[in-house]
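Novice: Sequence below, structure please.
(chains A and B)
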Amino acid sequence: MNPKYRRLFIITLIICTLGIATQLILMAIRDNIVYFYTPNELINKYGINKNIKNKIRVGGLVLEDSVVKNKNFVNFTITDKKDEIRVTFDGQLPDLFREGQGIVAEGFFQNNKLVASQVLAKHDENYMPPEVADALKKNGAWKGDK
Amino acid sequence: MLERHSFVINWLANPNRFSKLTNKLQIPLLSISTIMILLGLYYGLFDSPKDYQQGDAVRIMYVHVPSAWLASFLFLSLAISCVFYLVWKHPLADLISNSIAPIGAVFSILTLVTGSLWGKPMWGTWWVWDARLTSMLILFFFYLGYILLSNAFERKIDGSKSASVLAIVGIINLPIIKFSVDWWHTLHQPSSILRMDGPSIDKEMLLPLTLMMVGFSLFSLFLIIINVKTKLLEKKCEALILKLNLKEFS
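Specialist: Purely as a prediction, here's the structure:
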């Protein structure tokens, strides 16, 4: 075989093999790659009692009218429109935190409640000026979180 | 079939033809890219709307997104050039890979830094180990690895060969970067531009973003050309010095 042909063949083979191997590895360690679980996934995985010893991250939308701010801590509920997880947090909330916003809370479960040590805001992929957002809300074409 | 392809590649791989072709491109590339970047910066920083959620922080996107796109695209070009080097053994392909690497590395570090600066006020953290951020960091390490490996051997050819293999292995990381936000839950938002139902980004913001993207791309092409030419001249100088030494010797 022409040596050029042979080298090209070997390189293609290397790329294909590595590609398949990587894909298998990524599938196997999927649970370690996902940054957070949605409430529904969490309950499917660990059951309704959420018997989880490790630190875990839960992501979803802040349920409307669920935010209760006390002096030192804040309580709210994360929802994925299927299941809900109650969260309590005593630290600094990100600026984007509000009802309807996507967030990720990290912490330990205690008495069926996530005691968060960190709350991060998750931004979505929609970029628009405030006037456009207002107009969309007004005419009912709003597809976002709020 | 392959022979005909080889012919085209051989034609392009001639350093003199490369210089002739790129001499004409240099000035237009530099001027057009400078104008586009300046216009893009002006629109991006002063004459484009705030975001309804992010406020002025959205302007970081006009540097972040083009850098990220170039970091990935340049790595793909580098790896393809490495395939040409390994298969057809053209020294010019190796010079091109060597010229792309530092530029791509700079763009990937720029992506990480601007993303971090945006992440602090928006997410509430400088850094998280989610799939998108981690795979981007790995891309940066692939660039570093390529640069280090290609200079690590006493004989340049050994370095070039092993670094080329590394770059080809690194191709695997590119789809992971692109699709990480779709395959796994990440803190990073999904794509706003290349998506099935069209861009989810306002037209007024898309204009400076496009200007910056095209401007950055043309500017990096310019930098690569300059880089390759410098390396060609260096090689010529080395050859001349060698010739002179031989003459004195005899």
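
Novice: remind me, longest helix of chain A?
Specialist: Ordering each helix of chain A by length in residues (DSSP state H) puts helix A:3-28 first.

Novice: Show me the contact partners of the very next helix or strand once past it.
Specialist: For helix A:3-28, the succeeding helix or strand toward the C-terminus, using DSSP states H and E, is helix A:30-33. Surrounding helix A:30-33, the residues in contact under the criterion CB atoms under 8 Å, 6 or more residues apart in numbering or on different chains are A:Leu26, B:Ala131, B:Trp184. Backbone N, C-alpha and C define where each C-beta goes, glycine included.

Novice: Could you confirm B:Thr125 falls within a helix?
Specialist: No: when DSSP: H, G, I helix; E, B strand; the rest coil is applied, B:Thr125 is found to be coil, with no helix at that position.

Novice: in terms of contact, does A:Arg86 touch A:Phe109 like I think?
Specialist: No: in this structure, A:Arg86 sits apart from A:Phe109 without contact. The criterion is CB atoms under 8 Å, and the distance is 10.1 Å.

Novice: Of these two, give the one with the bigger neighbour count.
Specialist: Set A:Arg86 next to A:Phe109 and count neighbours by other CB atoms under 10 Å in any protein chain shown: A:Phe109 wins out with 20 against 15.

Novice: Surely the more buried one is within a helix?
Specialist: No: assignment of A:Phe109 by three-state DSSP gives strand, placing it outside any helix.

Novice: Closest to the centroid, which residue in chain A?
Specialist: Among the residues of chain A, A:Gly59 comes closest to the average C-alpha position under CA atoms, centre = their mean, at 3.9 Å.

Novice: List the single closest residue to that residue in space, sequence neighbours excluded.
Specialist: Take A:Gly59 and drop its neighbours on the chain: the residue closest to it by CB to CB, 6 or more residues apart in numbering or on different chains is A:Phe36, 3.6 Å away.

Novice: returning to what we had before: can you check my assumption that the residue nearest to the centre of chain A lies in a strand?
Specialist: Yes: residue state for A:Gly59 (three-state DSSP) corresponds to a strand.

Novice: just checking, it touches A:Tyr35?
Specialist: Yes: contact status for A:Gly59 versus A:Tyr35: in contact at 7.4 Å, counting by CB under 8 Å.

Novice: Common neighbours of the two, please.
Specialist: A:Val104, B:His185.

Novice: Distance check, B:Lys243 against chain A.
Specialist: Separation of B:Lys243 from chain A (CB to the nearest CB, to the nearest Å) stands at 31 Å.

Novice: That residue: what secondary structure?
Specialist: Under three-state DSSP, the three-state class of B:Lys243 is helix.
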